[in-house]
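In: Whatever this is, show me its structure:
(one chain, ligands or ions: 1)
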Amino acid sequence: MSEVAASDLPRLPPAYRLVALETCESTNSEAMSRAEEGAEDGTLVWAREQTKGRGRRGRAWQGLPGNLYFSLVLRPDCSPQHAAQLGFVAALALGDAIGSVAPPMIEVQFKWPNDVLLNGRKAAGILLESKILEGELDWLVLGIGVNVAAYPQDLEPPATSLHFEGAPDDVTAVRLLEAFARHFMSRANRWLDDGFAPIRRDWKYHAYGLGEAIGVDLAARRVEGRFKDLDENGALIVELPDGGTLSVAAGDVYRIG
Ligand code: BTN
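Out: Here you go, the predicted model:
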């Protein structure tokens, strides 16, 4: 692990403690081991290069040059169940950050649970990993990967990057991280003050597939129905063909029909 030259460092608000690495296997792994050693709330591990990134559900996250890889250690005073709402807070902050640096014609959408789509294709993913001690949340690591300059070519459905969607070259990983850090503070403060309701409302306003026919890949099966709602805990509510509803806590959504 080597450190980044001072002139290349992102400038973050003082509430963050930046750990800047030239390269590492996974910023999530790095942030989790620092959290275990007592790293404080707001510790943000950023790496210019990531060699063994991981995504949700055991998938790999490719480490392409020029993209953004970082993980934030959080110690919110809330239950483990409520902490999952921070994934939606982060997705909104990422949407705000992208909106502040990218051309206005780029359409930003949120795909359940925490993906960010640009013009209908995935450009960013969020991985939440946490430690629960005797039923209480000890720490939460919010890991974020954004395709700024490049995107994997072999994914189905296809991915995209900010540059591919028309963001200028001066929109860099560092600039996006700086914008995210500011917007996340504001979104997280709103969440702390007013709870999940305003976050849920804003997320739903730009939700991919809401009200439409969707398929959901669960751990052991696939269900189809209508994306009816996001509930007050962040679960996906699917209306099934027989009129019943299913509350989904983890899975992958795709549009059908
Ligand atoms: C997903 O969409 O499946 C979530 C992807 C999360 C990837 C990021 S990149 C930075 C951080 N470090 C990791 O190993 N994963 C997350």
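In: quick one, what contacts the residue of the stretch 51-200 of the chain found nearest the ligand?
Out: Nearest to the ligand in the stretch 51-200 of the chain, going by CB to the nearest ligand atom, is Gly125, at a distance of 2.0 Å. All C-beta atoms are positioned from the backbone trio N, CA, C, and that covers glycine. Gly125 sits next to 55-56, 61, 114-116, 144-145 when contact means CB atoms under 8 Å, 6 or more residues apart in numbering.
In: restrict these to contacts with the ligand.
Out: With CB under 6 Å from any ligand atom as the criterion, the contacts of Gly125 include 55-56, 61, 115, 144-145 near the ligand.
In: can you pull out the helices in the stretch 51-200 of the chain?
Out: For the stretch 51-200 of the chain, the helices defined by DSSP state H, counting those that start in this stretch cover 80-83, 85-101, 173-194, 197-205.
In: returning to what we had before: please report which of the contacts of Gly125 has the highest neighbour count.
Out: Neighbour counts for the contacts of Gly125, by other CB atoms under 10 Å, peak at Ile144, which reaches 28 neighbours.
In: Show the model's pLDDT score for it.
Out: On pLDDT, Ile144 comes in at 98.
In: ok, now Ala15?
Out: 97.
In: didn't it look like it was pressed against Ser186?
Out: No - using CB atoms under 8 Å as the test, Ala15 is too far from Ser186 to be in contact (11.3 Å).
In: Please spell out which residues along stretch 61-74 are buried.
Out: 61-64, 66-74 (16 or more other CB atoms under 10 Å).
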